[in-house]
Every structure is written in structure tokens, then in C-alpha cells.
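Student: sequence and predicted structure below; questions after.
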Amino acid sequence: MIRRFFLVLTLISSLLLMSCSTASPTTTLNDLPDFVADNATLRDANAPTIAVDQIAPDISWTYADGRRETLMSLQGQRVVLNFWATWCEPCRSEMASLAAADGQDVRIIGINKGQQLDVIPPFAKELNVQFTLVSDPDGDVSSVYGARNLPTSVFIDRTGKIVAIHIGVLSAAALQLQLERIP
């Protein structure tokens, strides 16, 4: 009788442990919204740290559908690279202004510095952001682009040249002013 009791108790304990230890699902490329991309990568591993009036180092990223995009493929458009993280309150505060500017003759690319891909979709949903968001989990791209402090925004003209670097929160007015300066 006691043995049967311990057997039942062991079975119940095992079932409870199995249900508690179920790992949460990890985000895969197939689970991503179509504007979220994985793994910002420098196309030239030896790219120097950026400066105003230089050509922006080319980067690439991959969307869930397998489509790859590069910064160079965006030549002819004005581009803002915005480096951010989910834990960064100033980053959160400027997302609405960036979202409003995206598509208004400018392409906003948000590069998440140092976090894993799975944090991006919930963040985007919470803040209703639908411009391109790219993970940079190792921070390699962020480092070359000088994004030590967050947020950092890099403004790139239609020829691929860096025209301004803004460190700190971009108000809607400051964003508009910077965009007006890009030919």
C-alpha cells in the first residue's frame, strides 16, 4: 500500500515537473512579422567607424520570407538608421515619430542593439511600429556605426553618404529638421 502511494506520488510529481519545465517557444524567422528582420551584418568586416561626409558602410539583413536587403540597395532614398533597445526608455519615446516619418520619402531602419530577435515582435506590437526592425545581437553593426549610447540615429542621403549623426532622443521637430537637411 505504501509502495503504491509513493509510486502514484512519484508519477504525479514527474507530471508536474514536466509541465513546469516546458520551454517557452523561441522565435524563428517564420514567426516574424514581415517588417522584422534578423541579424544585421556588415558586408565588409573591416569597415571603419563612421563619420559625417563618408559613405555609410553597407549592411545586410534577412526577412522571414528569405528576402535579403542591403543598405546599398536603398540608394536613391533618404535613410535613417536608428539604433535602439527595448529597455531604453528614450528609444521607446521616439518610436512614434520615426514610425510617422517612415515612407514619407524616407526609409527608417531600426537596428536593435545587443538583444535577441525574440524581443522585437512584442516591442513592435506594443508600440504599433511597422517600419523595418533588424536585430544586431552581437552589436557589430552598432559598434561600427558608433552607437555606444542609445538611441543613436544616422541620417544617410540618397547617394549613401552620412549627412548627420544624432545621439539621444529625436523629438518629432528634431527629426523633421534633420530630414529637411537631407537632399
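Tutor: Done, it's in.
Student: point out where this protein drops to low pLDDT.
Tutor: Applying pLDDT under 70 to the chain picks out residues 1-31.
Student: now do the strands in it.
Tutor: Ranges of strands within the chain are 36-42, 59-63, 68-70, 78-84, 106-113, 132-136, 152-156, 162-167, based on DSSP state E.
Student: got the contact list for the third one?
Tutor: Identification of contacts with strand 68-70 by C-beta atoms under 8 Å, 6 or more residues apart in numbering yields 37, 43, 58-63, 132. (Each C-beta comes from the backbone N, C-alpha and C, glycine too.)
Student: re earlier: redo the strands of the chain as a markdown table? Include distance to residue 125 and mean neighbour count.
Tutor: Below are the strands of the chain laid out as a markdown table (distance: least, C-beta to C-beta, whole Å; neighbours: other C-beta atoms under 10 Å):
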| stretch | distance to residue 125 | mean neighbour count |
| --- | --- | --- |
| strand 36-42 | 10 | 21 |
| strand 59-63 | 17 | 20 |
| strand 68-70 | 22 | 13 |
| strand 78-84 | 15 | 24 |
| strand 106-113 | 14 | 24 |
| strand 132-136 | 11 | 24 |
| strand 152-156 | 22 | 23 |
| strand 162-167 | 26 | 17 |
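Student: nearest to residue 179 among the ones you listed would be which one?
Tutor: Among the strands of the chain, strand 106-113 comes nearest to residue 179, with 5.9 Å by C-beta to C-beta.
Student: who does the closest one pair with, and is each partner parallel or antiparallel?
Tutor: In the sheet, strand 106-113 lines up against strand 78-84 (parallel), strand 132-136 (parallel) (DSSP bridges).
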